[in-house]
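Enquirer: This is the structure alone, sequence omitted:
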């Protein structure tokens with residue numbers, strides 16, 4: 001068992017992180033309360049369970065591994081928790097710079113301190129992005145659950161574990177088709193899993209300083225991966241704040257509401273509007289997602 005304590009800044013919003021891990025009502029791989037969560041994941045090829053407890057001004061993390069931990073695991077755990085909690089994101093500079101903007105300033109005033117929840121690994125974010133292409137959130141969550149069940153990795157606490165690339169690479173197109181994936185998505189997932197497993201995509205090695213242009217070029221060379229998938233992966237997998245998520249339908253809907261536009265905004269319209277907020281375009285998109293949820297009955 002490994003553990004660490006991570007300091008939290010004033011007015012930290014744990015609810016944003018907990019909500020991200022509460023997406024699946026079946027809670028097969030994650031469960032969350034108002035102050036804590038558990039998540040099944042694969043750590044060094046072994047089933048593991050991450051427990052996070054939020055206290056005033058700190059988060060306490062425990063990783064229970066079904067096997068031995070090496071000497072580097074403690075530092076890796078703390079770095080992973082920092083990313084997952086959005087603590088590597090420079091939201092203070094963003095809020096200070098744009099708090100007087102006529103539209104975004106209003107979002108900041110209502111949602112001050114908003115951080116983007118990051119997946120435990122870039123591979124989890126990448127496969128989640130592929131799974132969610134061009135379908136509703138509910139359908140994507142259901143498919144994600146079926147991928148986890150198809151992989152079949154379970155921790156001794158009872159939670160299923162989100163599979164790593166090595167495990168996904170052992171699945172077949174037929175396995176994924178039986179789980180509800182289209183043939184196109186199944187092939188894309190397997191191609192990506194095999195690339196990561198074989199070292200062709202060194203996602204974890206890019207965590208410290210993501211070579212964004214290189215990542216983009218390599219991912220776009222895979223059939224079935226487009227710009228939205230890349231930008232979403234960079235956001236949820238690496239905490240990179242400057243992806244232009246103009247292709248996201250929910251971003252465009254929320255932006256239409258924010259601007260009071262009478263007609264739907266095109267991707268081109270959204271791209272142009274978001275461009276002014278570089279290098280925080282993806283953080284603005286996260287504010288737009290949050291605003292959309294706030295007005296949804």
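Expert: Good, I have the coordinates. None of the values given here were measured: they were computed from a predicted structure. Numbers count the residues shown, from 1 in each chain.

Enquirer: Please make it C-alpha for all contacts and neighbour counts, starting now.
Expert: Fine.

Enquirer: Taking the centroid of this protein, which residue is nearest it?
Expert: residue 236 (3.0 Å; CA atoms, centre = their mean).

Enquirer: The residue nearest to it when sequence neighbours are not counted: what secondary structure?
Expert: Using CA to CA, 6 or more residues apart in numbering and skipping the chain neighbours, the partner closest in space to residue 236 is residue 118 (4.5 Å). What DSSP: H, G, I helix; E, B strand; the rest coil gives for residue 118 is coil.

Enquirer: Please report phi then psi for residue 118.
Expert: phi -110, psi 140 (degrees, to the nearest 10).

Enquirer: what sits against it?
Expert: 83-86, 125, 235-239 (CA atoms under 8 Å, 6 or more residues apart in numbering).

Enquirer: Residue 111 too?
Expert: So residue 111 contacts residue 287 (CA under 8 Å, 6+ apart).

Enquirer: Is it correct that the residue nearest to the centre of the chain is in contact with residue 123?
Expert: No: contact between residue 236 and residue 123 fails when scored by CA atoms under 8 Å: they sit 9.9 Å apart.

Enquirer: any shared contact partners between these two?
Expert: With CA under 8 Å, 6+ apart, residue 236 and residue 123 have no common neighbours.

Enquirer: Confirm that residue 3 lies within a strand, as I assumed.
Expert: Yes: the assignment for residue 3 is a strand, going by three-state DSSP.

Enquirer: ok, it to residue 74 distance?
Expert: Distance of residue 3 to residue 74, computed by CA to CA, to the nearest Å: 7 Å.

Enquirer: May I see the buried residues of stretch 215-226?
Expert: 215-216, 219, 224-226 (16 or more other CA atoms under 10 Å).

Enquirer: of those, closest to residue 278?
Expert: Closest approach to residue 278 among the buried residues of stretch 215-226 (CA to CA): residue 216, at 17.1 Å.
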